[in-house]
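*Asks:* Following is a predicted model, sequence given first.
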Amino acid sequence: MSGVIQGFGVIGAIVLVGYLLGRTGALGDNAREVLTRISFYVGTPALLLQMLSESDVTVLFSTPLLVTALSTFAAAGLFVLVGLWRRWNIRRTTIGALCSSYVNAGNLGIPIAVYVLRDASLVAPVMLFQLLVMTPIGLTVIDTAREGGSDSVLGRVLAPFRNPIVICSLLGVGLSLTGTRIPGPVAEPLTLLGHLSVPTVLLAFGISLCGSTLPAGGAERWPVLVSVGVKSFAHPVIAYAIGAGLFGMTGAPLFAAVVISALPAAQNLFVYASRYNVGVRLARESILLSTVLSVPVLFTVTALLG
């Protein structure tokens with residue numbers, strides 16, 4: 001389980017630096033907003049463009065990924081059903097649904113895949129699925145459900161295609177499908193800019209913890225608890241039920257599917273929430289609590305199926 005410890009250690013160290021920067025005020029009052037905008041408009045688009053252009057998108061068509069996709073939609077659907085029942089705002093419900101199903105396949109998924117599953121390639125299809133399917137769906141709903149906007153119906157339909165993350169994802173897929181490589185003089189600055197994505201998110205996340213109330217308190221208590229409950233407990237159970245019951249998976253493939261579904265909510269969801277100024281606290285606390293809970297959950301899954 002050294003992969004679990006290593007993954008959490010890396011994330012925790014950078015979040016702690018962000019928290020200390022927030023406590024000291026070294027970056028000013030608008031540091032969180034600036035960092036999240038850098039990640040949303042620069043770092044993440046550059047990272048996705050380069051990563052997707054070099055990936056084999058045909059891995060999206062496989063049985064293990066189908067299990068992941070079905071369990072992801074089921075987990076998100078559970079939160080949506082609760083949101084409809086409780087009559088929560090559509091945009092906030094979308095953030096909560098993403099936090100209930102969108103796993104941290106990059107920062108935690110890669111080291112865990114290397115040290116626990118012994119195969120780093122297992123997280124690649126999951127990352128592609130989330131980037132090419134879940135992210136565009138989520139951001140499209142948030143964009144089109146925006147209240148008080150002056151856009152026409154056509155403008156709202158086209159809104160996602162003005163999103164730098166969606167644009168660079170689609171461009172990266174196009175380059176991959178055509179076998180086109182990004183020229184060296186362009187790839188090198190893209191690599192440097194892409195390196196901004198993860199640290200800026202984690203630093204902004206750490207800064208956001210300064211002065212915040214205890215997790216799962218106040219008006220966001222129930223959305224946070226539902227999101228964390230679905231992500232930490234329901235999602236792995238659903239993945240197991242679909243993999244073993246529907247597809248007859250056993251052994252290492254089933255173990256990998258459940259481990260990946262047990263990963264906590266991804267930090268980039270905090271960037272999306274901050275960018276659209278919706279469900280910011282819901283995203284922050286869901287990520288924090290699901291990350292903490294994922295430690296015993298991953299140990300349990302490993303003990304039962306590993």
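*Replies:* Perfect, thanks for sending it. Since this is a predicted model, take the numbers as computed values, not measurements. Numbering: from 1, shown residues only.
*Asks:* Quick one: residues contacting Ala75.
*Replies:* Residues near Ala75 by Cβ atoms under 8 Å, 6 or more residues apart in numbering: Ser100, Ser101, Val230, Lys231, Ala234, His235, Ile238, Ser261. No exception for glycine: its C-beta is placed from N, CA and C like everyone else's.
*Asks:* From these, which land in helices?
*Replies:* Members of the contacts of Ala75 lying in helices (criterion: DSSP state H): Ser100, Ser101, His235, Ile238, Ser261.
*Asks:* Would you agree the fourth one is in contact with Ser71?
*Replies:* Think Ile238. Yes - at 4.6 Å, Ile238 and Ser71 qualify as touching, with contact defined as Cβ atoms under 8 Å.
*Asks:* what sits in contact with each of those two?
*Replies:* Contact criterion Cβ under 8 Å, 6+ apart; residues shared by Ile238 and Ser71: Ser261.
*Asks:* Mind checking what secondary structure Arg146 has?
*Replies:* What DSSP: H, G, I helix; E, B strand; the rest coil gives for Arg146 is coil.
*Asks:* got a pLDDT number for it?
*Replies:* In this prediction, Arg146 carries a pLDDT score of 72.
*Asks:* What of Gly217?
*Replies:* Looking at Gly217, its pLDDT stands at 59.
*Asks:* One more: Thr24?
*Replies:* At Thr24, the model reports a pLDDT of 89.
*Asks:* Now for it, how many residues are close by?
*Replies:* As a burial measure, Thr24 scores 9 neighbours (other Cβ atoms under 10 Å).
*Asks:* what does the one 4 residues further on give?
*Replies:* A total of 9 residues lie near Gly28 under the criterion other Cβ under 10 Å.
*Asks:* Specify the local secondary structure of it.
*Replies:* Following three-state DSSP, the label given to Gly28 is coil.
*Asks:* Name all residues that make contact with it.
*Replies:* For Gly28, the contact set (Cβ under 8 Å, 6+ apart) is empty.
*Asks:* nearest to Trp222, of the ones in helices among the contacts of Ala75?
*Replies:* Distances from Trp222 to the ones in helices among the contacts of Ala75, taken as Cβ to Cβ, are shortest for Ser100 (13.0 Å).
*Asks:* quick one, what contacts that closest one?
*Replies:* Ser100 makes contact with Ala75, Ala76, Leu78, Phe79, Val226, Ser227, Val230, Lys231, Ala234, His235, Ala265, Ser286 under the criterion Cβ under 8 Å, 6+ apart.
*Asks:* Look up how far Val301 lies from the fourth one.
*Replies:* To tie it back to what came earlier, the one meant is Phe79. Phe79 sits 21 Å away from Val301, going by Cβ to Cβ, to the nearest Å.
*Asks:* Neighbour count: these two, which is higher?
*Replies:* For the pair Phe79 and Val301, the greater number of neighbours falls to Phe79 (27 against 20), based on other Cβ under 10 Å.
*Asks:* quick one: the host helix or strand of the more buried one to chain centroid distance?
*Replies:* Take DSSP states H and E as the rule and Phe79 turns out to sit in helix 63-86. Distance of helix 63-86 from the chain centroid (Cα atoms, centre = their mean, to the nearest Å) equals 14 Å.
*Asks:* Helices of the stretch 51-200 of the chain, residue ranges please.
*Replies:* If DSSP state H, counting those that start in this stretch is used as the criterion, the helices of the stretch 51-200 of the chain fall at 63-86, 90-101, 109-115, 124-129, 135-144, 153-158, 164-178, 184-194, 197-208.
*Asks:* mind checking which of those is nearest Gly9?
*Replies:* helix 109-115 (9.4 Å).
*Asks:* quick one: low-confidence parts of this protein?
*Replies:* 1-8, 59-60, 106-107, 110-111, 114-115, 118-121, 147-162, 211-219, 306 (pLDDT under 70).
*Asks:* got the angle for the top helix by length along it vs helix 63-86?
*Replies:* The longest helix of the chain (DSSP H) is helix 280-305. On the basis of axes from the mean of the first three to the mean of the last three Cα atoms, to 10 degrees, helix 280-305 is oriented at 140 degrees to helix 63-86.
*Asks:* Lovely, talk soon.
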